[in-house]
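Colleague: what's the 3D shape of this:
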Amino acid sequence: MNKKRLLKQVVSALEQLYENAVSAADRAYQSATDKENVAENKYDTLGLEAAYLAEGQSRRVAECEAALRSFQRLLASSEDETLPADEIGVGTLVVLRDHGEGVKCLLIGQLAGGLKVDLRDQSGSNEVMVITPSSPLGKALMGLGVDDQVDISSAGEKRCYIVTACY
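Modeller: Numbers count the residues shown, from 1 in each chain. Prediction:
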């Protein structure tokens, strides 16, 4: 897998999320400051609710911007390499296989956990999910290498994976 191409796709997806967040924050701000939302009595909370929404949306913008900057730094420091990594850390692309022969492709990032990107290459389509070192699986993977086994419990179910590749 081409890690640089993957990072470009992640940055592109995060740019789109950021733009959507800015647009939503702007709409929430406009609603919160609209003359129509001025309270007419003590039970009229529409303006207050709009202000809370605007605050939440502005926090979302900050989170999206931080995630975008984080992956832009990873992209700037990455090379066009497909060389294997010695151990898993932030910025590592990890391929896991479970005992049922299912394969998962994960990218370890500081932020944006849960973001999914579809990476198409010669072998077909691979969905790559971003996980963070603070997630249970991310925490268990940190420092491991190829052929290491990782066991985690999730939703009361124990899962076992083998690291088949890391870049």
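Colleague: Longest strand in this structure, please.
Modeller: When the chain is parsed with DSSP state E, its longest strand is strand 157-166.
Colleague: Give the other helices and strands that it contacts.
Modeller: Judged by 3 or more C-beta pairs under 8 Å, 6 or more residues apart in numbering; DSSP states H and E, strand 157-166 is in contact with strand 93-98, strand 149-154. In this view, the C-beta of every residue, glycine as well, is placed from N, C-alpha and C.
Colleague: Mind listing what's buried along the first one?
Modeller: This means strand 93-98. For strand 93-98, a neighbour-count test (16 or more other C-beta atoms under 10 Å) marks L93, V94, V95, L96 as buried.
Colleague: correct me, but S31 touches L48?
Modeller: No. Counting by C-beta atoms under 8 Å, S31 does not reach L48; the two are 11.6 Å apart.
Colleague: ranges for the strands of this protein?
Modeller: Under DSSP E, the chain gives strands at 93-98, 103-108, 116-121, 124-131, 149-154, 157-166.
Colleague: partners of the fifth one, with directions?
Modeller: Going back to what we said before, that points to strand 149-154. The strands beside strand 149-154 in its sheet (DSSP bridges) come out as strand 157-166 (antiparallel).
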